[in-house]
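Asker: from the sequence below, what's the structure:
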Amino acid sequence: MEKRVLGLFAHPDDAELFCGGTLALLRRQGWEIHIATLTPGDCGSATLDRDGIAKIRRAEAEKSASLLDGTYHCLECDDAFILYDRETLLKCIRLMREVKPALVFTASPVDYMVDHETTSRAAMTACFVCGMKNIETPGIGICPAVPHLYYADPMEGKNPFGEPVNASILVDISAAMDTKVEMLSCHASQRDWLKAHHGIDEYIIAMKAFAEARGKDEGVLYAEGFRQHLGHGYPQSNILKETLEDRVHCK
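Answerer: The predicted structure is shown next:
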């Protein structure tokens, strides 16, 4: 098995928010890190035009990935307009075949915005079909197997109706919180955007508060929550538990 992990999310800073600590722990175990976003976050500014903020956010994402000696990929879809269509799926399949990950993290299937939910569906499909030779991606060979797929927590751990979404897997990221903070801090443009659009400040403090709340479920300082995709045809073993051992708590 190649020790290669892909975090496939909608926007720059999503991977850092939802699985940055776990990625840091995997890096310490010798895993190769890839972070990908479907969009460059081109609507994430109250002051800059789409090209201006996209350029900044790609650079922020590259800087963050570099902290794990990782690679950042952008599939260049439009922010707020991610579609579950042939073009988007082929971008995701091509990426999957370029990276050939053993492990994939993606957004929750149910979350506060449709970009996240559509990304989740696209990632699920790309994982399943990346080994099908009749789906052509010229110049890139098929994946040898369906990768292990994990869904991260939705924002604030709740669905759009405010009901809790309970994680079945919690990863103790206490030893990696400093790295998670450093990665998220690379996305400086989003502090101003979130304050203007959501009325939210204290970008890092809010992230740590949620990780602390997840950690209390298992008696650790900080945790990230996941659910594994265990549908027909997907790997059934818990590669996170096998790799991170006692840092992973399963419910």
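Asker: when you work out contacts or count neighbours from here on, use the C-alpha atoms and nothing else.
Answerer: Fine.
Asker: confidence score at Trp193?
Answerer: Looking at Trp193, its pLDDT reads 67.
Asker: which parts of the stretch 51-200 of the chain are helices?
Answerer: In the stretch 51-200 of the chain, the helices defined using DSSP state H, counting those that start in this stretch lie at 86-99, 114-129, 177-185, 189-197.
Asker: quick one: the longest one to helix 86-99, angle?
Answerer: Regarding helix 114-129 and helix 86-99, their directions subtend 60 degrees when assessed with axes from the mean of the first three to the mean of the last three CA atoms, to 10 degrees.
Asker: how distant is helix 114-129 from the center of its chain?
Answerer: With CA atoms, centre = their mean, to the nearest Å as the basis, helix 114-129 stands 11 Å off its chain's centre.
Asker: now do stretch 12-22
Answerer: On the basis of CA atoms, centre = their mean, stretch 12-22 sits 6 Å off its chain's mean C-alpha point.
Asker: need the strands for this structure, in chain order.
Answerer: Remark: strands assigned in the chain by DSSP state E are 4-9, 32-37, 71-74, 103-106, 148-152, 169-172, 223-228, 248-250.
Asker: lowest average pLDDT across the helices of the stretch 51-200 of the chain?
Answerer: Per-stretch mean pLDDT for those is lowest at helix 189-197 (a mean of 73).
Asker: JSON lines for the strands of the chain, including mean neighbour count and distance to Gln190?
Answerer: Supplementary listing: those in JSON lines, determined by neighbours: other CA atoms under 10 Å; distance: least, CA to CA, whole Å:
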{"stretch": "strand 4-9", "mean neighbour count": "26", "distance to Gln190": "16"}
{"stretch": "strand 32-37", "mean neighbour count": "24", "distance to Gln190": "15"}
{"stretch": "strand 71-74", "mean neighbour count": "20", "distance to Gln190": "17"}
{"stretch": "strand 103-106", "mean neighbour count": "25", "distance to Gln190": "20"}
{"stretch": "strand 148-152", "mean neighbour count": "25", "distance to Gln190": "20"}
{"stretch": "strand 169-172", "mean neighbour count": "26", "distance to Gln190": "26"}
{"stretch": "strand 223-228", "mean neighbour count": "25", "distance to Gln190": "21"}
{"stretch": "strand 248-250", "mean neighbour count": "18", "distance to Gln190": "30"}
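Asker: with distance to Ser120 added, can I get the ones you listed in a markdown table?
Answerer: Below are the strands of the chain laid out as a markdown table (distance: least, CA to CA, whole Å):
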| stretch | distance to Ser120 |
| --- | --- |
| strand 4-9 | 8 |
| strand 32-37 | 11 |
| strand 71-74 | 16 |
| strand 103-106 | 6 |
| strand 148-152 | 8 |
| strand 169-172 | 18 |
| strand 223-228 | 12 |
| strand 248-250 | 22 |
